[in-house]
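**Student:** Below is the structure, and that's it, no one-letter string:
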């Protein structure tokens, strides 16, 4: 069968698994396709779903041990999926390879997410393991969306203005490698995401005193997520899911906007349904319109 | 006496009073200098200290009434002091002048803080009331600081690196008129301030899960406050005080940095004492070093 032959050519898939649903979805899709794979988690971030899959826990300090395991398993491609926090490294526990790439890794950990992940991706590629995007690992509907209004509600003119303002803010932050999400209401920036994550950003918007939103009382405002300009799209694409949409509704926003083709939608049917149920819009905006 | 003559030439001072200690400090200094003044508060933001001062509460919708009061009181200068939230306007209550400047005001309320305040300042100047900076209204030590380490502790090399990274982030945000504060630890941006205010930013850093800071465990990291590039320094200069320093310590930061000459220090002696007591540094950085 051609798909198995193709899978064979690509070798086994290493899934470097962080938080969220994406790594599990990729593991399930890879298993269902009959392709060999190995899920790698890090002790700092234990996962509750890996018992059903070929899985090894590793430590950043023993990165040489991890690469030996990947080669033993026949991994020729690697996908980074899910959010991962920066680890606390214990240099005294470094193995030989960790010592070799250690100073590079320490430097990477001091950088923005994008620079850090790009650097880690390069280390895998130097070891002969090709970096692939999550979207290349899941069959069926693409993870990212085409341009258009995805749910029942359409954004009003004011919300479109807020999306444009949020895009302007995220574009300004891109070059300094901060921020994949911003919330704007009535032209005013209510919040910018740093390391706290989108759920925490939305929870904080929900908790803002009413006076901070008197100029545009809820429901008003939008959450915009988009990749950073120049971001390596195989790595750490921003993602939304049903929880994002529920959080945006709870924060009194009028809708959620994403860059078409640049933001993953986890469980699109459930995400659209959540938006319709909450009475907010879900708008996938063409990059050239942002 | 020359100072009274000078005060006489400048007429009475209108103090547009928002939240925080600064408007009260200005009112007290103006009273002590024997200069006539009038504190204006807005019903949306009642103040608890104005009973000791000549004071009128006004509404944005009756801006004409406010200007008549200012002229009656002989105000020829105005100072904007303290944080003010954007009001919810009831257009049906607009007086004649509010109707005249109303569309301009509505447009201003949709902009960043700096653009909004600049626009309001222009309306006062068109009415013949000169806009002055808080620092012009308080005698004694200047509100802003000269470059130097203000407390007992000195920033280490790593903290200096974090200050440089925070400055890079705030400079990127300046052109889109967002953000006067950022927190960086170990090179990673832990938070950017939008409308929530510095106290809320620090509270949120204190509540971050330990995993988000594993690369640079507390105490580490800095809060940097600086004005936006090109900001009208008569208006809305960022400010710190003892509470900021206590909040930074509670958030597990190593110190607080401000742009020398660009950030107000409210009650400098108490602020420095709070930093020394908390064991964090307080560093006023020359603009050219940021």
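**Tutor:** Great, that's in hand. Since this is a predicted model, take the numbers as computed values, not measurements.

**Student:** Do you know the pLDDT at the residue most central in space within chain A?
**Tutor:** Ranked by distance to the mean C-alpha position of chain A (C-alpha atoms, centre = their mean), the top residue is residue A:238 at 3.9 Å. Per-residue pLDDT puts residue A:238 at 87.

**Student:** do you know how far it is from residue B:156?
**Tutor:** Separation of residue A:238 from residue B:156 (C-beta to C-beta, to the nearest Å): 34 Å. No exception for glycine: its C-beta is placed from N, CA and C like everyone else's.

**Student:** May I see the buried residues of the longest helix seen in chain A?
**Tutor:** When chain A is parsed with DSSP state H, its longest helix is helix A:157-173. Across helix A:157-173, burial judged by 16 or more other C-beta atoms under 10 Å in any protein chain shown covers A:158-173.

**Student:** Domain parsing of chain A, as residue ranges.
**Tutor:** A:4-136, A:148-289 (automatic domain parsing).

**Student:** Return the distance of the last one from the chain's centre.
**Tutor:** Remark: domain A:148-289 is offset 14 Å from the chain centroid, using C-alpha atoms, centre = their mean, to the nearest Å.

**Student:** how long is that domain from one end to the other?
**Tutor:** 11 Å (C-alpha to C-alpha, to the nearest Å).

**Student:** Now distance to chain B too, for the domains of chain A, in CSV please.
**Tutor:** Shown next, in CSV, are those (distance: least, C-beta to the nearest C-beta, whole Å):
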stretch, distance to chain B
domain A:4-136, 3
domain A:148-289, 3
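
**Student:** Distance to residue B:82 added to these, as CSV?
**Tutor:** Below are the domains of chain A laid out as CSV (distance: least, C-beta to C-beta, whole Å):
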stretch, distance to residue B:82
domain A:4-136, 34
domain A:148-289, 13
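
**Student:** among those domains, which is the most enclosed?
**Tutor:** A comparison of the domains of chain A by mean neighbour count, using mean count of other C-beta atoms under 10 Å in any protein chain shown, puts domain A:148-289 on top with a mean of 21.

**Student:** now stretch A:59-68: mean pLDDT?
**Tutor:** The model assigns stretch A:59-68 a mean pLDDT of 88.

**Student:** Could you tell me the end-to-end distance of it?
**Tutor:** Note: stretch A:59-68 ends 13 Å apart using C-alpha to C-alpha.

**Student:** Please list the outside residues in contact with that stretch.
**Tutor:** A:40, A:42-43, A:56, A:58, A:87, A:89-91, A:93-98, A:101, A:105, A:123, A:127, A:129 (C-beta atoms under 8 Å, 6 or more residues apart in numbering or on different chains).

**Student:** who touches residue A:193 in this structure?
**Tutor:** A:179-182, A:201.

**Student:** Same question for residue A:180.
**Tutor:** A:170, A:193, A:225-228, A:238.

**Student:** Now, these that are in helices?
**Tutor:** residue A:170.

**Student:** May I ask which two of the contacts of residue A:180 are separated the most?
**Tutor:** Greatest spatial distance among these (C-beta to C-beta): A:193 and A:227, at 13.0 Å.

**Student:** Filter the contacts of residue A:180 down to just the ones in strands.
**Tutor:** Those of the contacts of residue A:180 mapping onto strands are residue A:225, per DSSP state E.

**Student:** Let me have the contacts of residue A:180 in TSV, adding distance to residue A:149 as columns.
**Tutor:** What follows is the contacts of residue A:180, written out as TSV (distance: C-beta to C-beta, whole Å):
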residue	distance to residue A:149
A:170	21
A:193	24
A:225	16
A:226	17
A:227	21
A:228	25
A:238	19
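
**Student:** Nearest to residue A:10 among the contacts of residue A:180?
**Tutor:** residue A:227 (24.8 Å).
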